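K.L.:
Got a predicted structure here, sequence first:
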Amino acid sequence: MRLSTEASQAAVAAIEEAFRSNPGAGALPGWLDGPRDDALAAFVRVGFPPPRAEEWKYTNLAEIIGSSAARLNRAPAAADPAVISELLHRIPRRTGDPTIVIANGRFEPELSNLPDTSQGIRVSTLSQASAADRDRYAAWLNEDSRDGASPFASLNAAFLQDGIIVDVRSDAQVAATLHIVFASDSAAAHTQTRVLIAAGARSSAGVVEHHVSEGDAWTNTTTTIDCAESARLTYVKLQDESEATDHIAAQEVRLAANSVFRAAHFDLGARLARNDLRVRLLGPGANAQMFGLFLADGRRHVDNQTRIDHEAGDATSFEHYRGIMNDHGRGVFNGKIIVHDGADGTDAQLNNRNLLLSRTAEIDTKPELEIYTDDVKCAHGATTGQLDDIALFYLRARGIPARVAKHMLVIAFAREILEQFDPAASELADYVNATLERRLPE
Amino acid sequence: MLTIDNLHANVGDTEILKGVSLDVAAGEVHAIMGPNGSGKSTLAHVLAGREGYEVTGGTVTYLGQDLLEMDPETRAWHGLFLGFQYPIEIPGVNNTYLLKAALNARRKFNGETEMDAVQFLRIVKEKAKLMHMDQSFLNRSVNEGFSGGEKKRNEIFQMAVLEPTLAILDETDSGLDIDALKVVANGVNALRGQDRSFILVTHYQRLLDHIQPDHVHVLADGRIIKSGDKSLASRLDAQGYDWLLAEAAAG
């Protein structure tokens, strides 16, 4: 059932009410009040997306909207340490990797292992920002109050619990990957968190954002990434939340000249997962490589929206997403590439491949190209298929049992994404393979 | 070892095999020849258990058991091997990994313990050498980016590692140059033994110059219309199939 306009408006009014008494806001410093008020006003102006909004037409927000006011009215309680510990245990990372833990929207210094600042990487939280940083952070929050901001991003800024800021100094070559873990349990009611990554000129670093949960939760998160000239950043988002969690996430990435952004998005869990990735290539020579793997099994719904703006010439983007749908799972992939006027010398490639493992699984895929200049090289394609019968027979004829053969082929399908992204990321590959192995049909 | 009795099979609504009977004893090499479309490949796939090939009549007894009752993997565990005419490329599945999984699945079926990595690697290296295969092939995805000849060589390599009891090679000679043909034939000859049998499905006599068959059969329009020794293959090579087809039509 889609939600009626009246019900949606009532939810917005109730959220406005909840904001006034916002039981979670007490923990934040007063200088954030202004940006948060502005964000709420922006949200109220726009409201939730109507059911027929083009960018939302495949994703039914009725449950999220319907429960949003009640959730936002509850003060998130502290997470159960045993649950968080168990969730942390599952996170794929190398021993000793610096890790920031945010449980139920709150930074947990005891569970975190901050990076060595001598490497040129510094992590801070919004709630403890020094006076010198406040203007910059307020400006960041204000981006989500502008016209055209997503209502979920505005809502996130209005009901913000905390934010993590990662600064990579110019010229720093950071060897260890930084992990930011957002973990929540049912006591969270909702989590509204955000990440800002600023990669300095000529720096090199890697960040993994993990989202895990136990029980019923609603995650609403946004990430902003700024890569300065010639910066190199590897960014992974691994979402493996519980089947009772709704996950709404957005990333905005801005790439200056000659910067290189390599990203991988893994959407493996949640009841409903929606991810909006927007990458803006703002300087010549910028290079964005985006990989994605999503799994929609059971009754899961996974909606990937990507938008790449080639705003400067001689920049390159490469995007490859793969989806695996099973049972009653539903996947959505919408990949938009916009080559702006004057962005001559653009090279953009987009590819989406999907595997349907059951008759009741669904995928809606749509690559979109908008080109406003002449001198470009663009290619896009999307394919959807089932497991290859003859490959299955070949494996069985060699003596591989049918179930194992099916798993082999699905894992092989996923492996190509992992290998194209980073053949050395063995922890990640092991995690994805084990997840697939556990969740694939008997 | 294998007794095929009056086998009928359909692909879709079309009857392809119209009463094939064949006896293969242990240690024998049988060649099945015949014009295009005669049902040779269908026979090979039916014996290996390919879905979509419907057996409508007849029986196949293999090592005293009803072969047609078994699923493809169970046939493999009982030592049946099909060498594909068009070996499948499987990106993302490592060649060696596939073989190890296949070998261990069979060992498990036979109540044996899994082979350890050292033992397995030794066998794989030895067989790769037999097939003149570069070590790098072992760690590549199954047949991905292999040339036609490399794919066929990989089939025989897999056969050598799996050491089947009955190997059915479907047009393994097609698309091979003479050097590759010799390597493939040497691989097969090295595996010949009194407990192992082969069915070579082929269109040409060429392969039989290098692998001497004990029996040659001609399959035409879904039936075996002539059986003989290896001289039959030479006669077919010299005279073609027409005389035989005419004889069958008259008879």
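P.N.:
Thanks, I have it.
K.L.:
Just give the closest residue to the residue of the stretch 1-150 of chain B found nearest chain A, not the sequence neighbours.
P.N.:
Sorted by distance to chain A under C-beta to the nearest C-beta, the residues of the stretch 1-150 of chain B start with residue B:92, at 2.7 Å. From N, CA and C alone the C-beta is placed, and that goes for glycine too. Spatial nearest neighbour of residue B:92, excluding adjacent residues (C-beta to C-beta, 6 or more residues apart in numbering or on different chains): residue A:412 at 2.7 Å.
K.L.:
That neighbour touches residue B:93, doesn't it?
P.N.:
Yes: applying C-beta atoms under 8 Å as the test, residue A:412 and residue B:93 come out as touching, 4.8 Å apart.
K.L.:
quick one: which of the two has more around it?
P.N.:
With neighbours defined as other C-beta atoms under 10 Å in any protein chain shown, residue A:412 and residue B:93 compare such that residue B:93 has more, 24 against 18.
K.L.:
and residue B:238, how far is that from residue A:345?
P.N.:
Residue B:238 sits 65 Å away from residue A:345, going by C-beta to C-beta, to the nearest Å.
K.L.:
So which of the two has more stuff around it?
P.N.:
The neighbour comparison of residue B:238 against residue A:345 (other C-beta under 10 Å) goes to residue A:345, with 16 against 8.
K.L.:
which residues touch the helix or strand residue B:91 falls within?
P.N.:
If you go by DSSP states H and E, residue B:91 is part of strand B:90-94. Contacts of strand B:90-94 from elsewhere in the structure, counted by C-beta atoms under 8 Å, 6 or more residues apart in numbering or on different chains, are A:391, A:394-395, A:408-409, A:411-416, A:419, B:98, B:139-144.
K.L.:
mind checking how far the residue of the stretch 1-150 of chain B closest to chain A is from residue A:306?
P.N.:
Per C-beta to C-beta, residue B:92 is found 23 Å from residue A:306.
K.L.:
So for these two, which residue has more residues nearby?
P.N.:
Taking residue B:92 and residue A:306 together and counting by other C-beta under 10 Å, residue A:306 has the greater number of neighbours (25 against 19).
K.L.:
Might one say that residue B:24 is in contact with residue B:47?
P.N.:
No: with contact defined as C-beta under 8 Å, residue B:24 does not reach residue B:47; the gap is 10.4 Å.
K.L.:
Show me the shaky parts of chain A.
P.N.:
Along chain A, segments meeting pLDDT under 70 span A:1, A:23-26, A:442.
K.L.:
now residue 176, what's its secondary structure?
P.N.:
Using chain A here. Following DSSP: H, G, I helix; E, B strand; the rest coil, residue A:176 is assigned to coil.
K.L.:
Let me rephrase: I mean chain B.
P.N.:
coil.
K.L.:
Torsion angles phi and psi at the residue lying closest to it once chain neighbours are set aside?
P.N.:
Counting by C-beta to C-beta, 6+ apart, the nearest residue to residue B:176 once its immediate chain neighbours are dropped is residue B:149, at 5.4 Å. Its backbone dihedrals place residue B:149 at phi -70, psi -40, with angles given as degrees, to the nearest 10.
K.L.:
Check residue B:193 too.
P.N.:
Comment: the main-chain dihedrals of residue B:193 come out as phi -170, psi 170, following degrees, to the nearest 10.
K.L.:
give me every residue that touches the residue nearest to residue B:176.
P.N.:
With the criterion set at C-beta under 8 Å, 6+ apart, residue B:149 makes contact with B:175-177, B:180.
K.L.:
From these, list the buried ones, please.
P.N.:
The neighbour count (16 or more other C-beta atoms under 10 Å in any protein chain shown) marks B:176, B:180 as buried among those.
K.L.:
contacting residues for the closest residue to residue A:261 other than its chain neighbours?
P.N.:
Sequence neighbours aside, residue A:288 is the residue nearest to residue A:261 in space, at 4.8 Å (criterion: C-beta to C-beta, 6+ apart). When contacts are counted by C-beta under 8 Å, 6+ apart, residue A:288 is found next to A:253, A:255, A:260-261, A:263, A:279, A:281, A:308, A:315-319.
K.L.:
after the longest helix seen in chain A comes which helix or strand?
P.N.:
Under DSSP state H, the helix in chain A containing the largest number of residues is helix A:402-421. Later in the chain than helix A:402-421, the nearest helix or strand by DSSP H and E is helix A:426-439.
K.L.:
Which residues of the stretch 251-400 of chain A lie near chain B?
P.N.:
With the criterion set to C-beta under 8 Å from any C-beta of the partner chain, the stretch 251-400 of chain A comes near chain B through A:388-391, A:393-400.
K.L.:
which of these tops the neighbour count?
P.N.:
Taking other C-beta under 10 Å to define a neighbour, the member of those with the most is residue A:399, carrying 31 neighbours.
K.L.:
got the residue ranges for the helices in the stretch 101-250 of chain B?
P.N.:
If you assign secondary structure with DSSP state H, counting those that start in this stretch, the helices in the stretch 101-250 of chain B sit at B:117-130, B:148-162, B:178-191, B:230-239, B:242-250.
K.L.:
Neighbours of residue 75, how many?
P.N.:
Defaulting to chain A. Number of residues near residue A:75 (other C-beta under 10 Å) recorded here: 14.
K.L.:
Chain B is the one I meant
P.N.:
Residues lying near residue B:75 (other C-beta under 10 Å) number 25.
K.L.:
picking up where we left off before, quickly list what's touching both of residue B:24 and residue B:47.
P.N.:
Taking C-beta under 8 Å, 6+ apart as the contact criterion, the residues that touch both residue B:24 and residue B:47 are residue B:199.
K.L.:
Counting neighbours, go ahead and name the busier of these two.
P.N.:
Taking neighbours as other C-beta under 10 Å, residue B:24 and residue B:47 compare with residue B:47 leading, 24 against 20.
K.L.:
My understanding was that the more buried one contacts residue B:53; is that so?
P.N.:
No: distance between residue B:47 and residue B:53: 9.7 Å, which falls outside the contact criterion (C-beta under 8 Å).
K.L.:
Residue numbers of chain B in contact with chain A?
P.N.:
Residues of chain B found near chain A (C-beta under 8 Å from any C-beta) are B:48-52, B:71-73, B:75-77, B:81-82, B:84, B:87-88, B:90-93, B:98-99, B:101-103, B:105-106, B:141, B:158, B:162.
K.L.:
Counting neighbours, which of those residues end up buried?
P.N.:
For the residues of chain B next to chain A, a neighbour count by 16+ other C-beta under 10 Å gives the buried set as B:48-50, B:72-73, B:75-77, B:81-82, B:84, B:87-88, B:90-93, B:98-99, B:101-103, B:105-106, B:141, B:158, B:162.
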